[in-house]
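Engineer: next comes the sequence, and after it the predicted model I'd like to discuss.
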Amino acid sequence: MKKSLFIFSIVFTTACTATKLITPSQADADRGSQKFQGYSLSQLDQGKAIYESHCNKCHRYKVPQSRDETKWDMVIPKMAKKAKLNSSEEDLVLKYVVTMSTNPGKTK
């Protein structure tokens, strides 16, 4: 019984721990602008804000580094529909996760 309670408490604590998303920097925006012409830190911050306000309603955040661009390209359109994002919000979220998925020095 004690062992079961201990395991349950670890699983519960882990499941309830908030995932910390990386705050974008100008270096991230510069890296993103190499892929997305004219991409700015403001747009990157907007994408993060939309991600934070919508993507945690149904499930825990997935850190951007958990998937590569190909996988995000498949996931975001499906999830954007479920989250009822408009096309510009979807675009901002996709660019945010793709840009941050390649954040150097950050682990998956």
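Structural biologist: Now that the structure is in, tell me what you want to look at. All figures in this text were calculated on a predicted structure; none of them were measured in a lab.

Engineer: pLDDT on stretch 61-81, on average?
Structural biologist: Throughout stretch 61-81, pLDDT has a mean value of 94.

Engineer: list the residues that contact Val98.
Structural biologist: Residues in contact with Val98 (C-beta atoms under 8 Å, 6 or more residues apart in numbering) are 32, 35, 64, 69, 72-73. (Glycine included, C-beta is placed from N, CA and C.)

Engineer: scratch that, Asp45
Structural biologist: With C-beta under 8 Å, 6+ apart, Asp45 has these contacts: Pro24.

Engineer: that one: helix or strand, and which one exactly?
Structural biologist: Assigned by DSSP states H and E, Asp45 belongs to helix 41-54.

Engineer: pull out the buried positions in that helix.
Structural biologist: By 16 or more other C-beta atoms under 10 Å, the buried positions in helix 41-54 come out as 41, 43-48, 50-51, 54.

Engineer: give the next helix or strand downstream of that helix.
Structural biologist: By DSSP H and E, the next helix or strand past helix 41-54 is helix 69-82.
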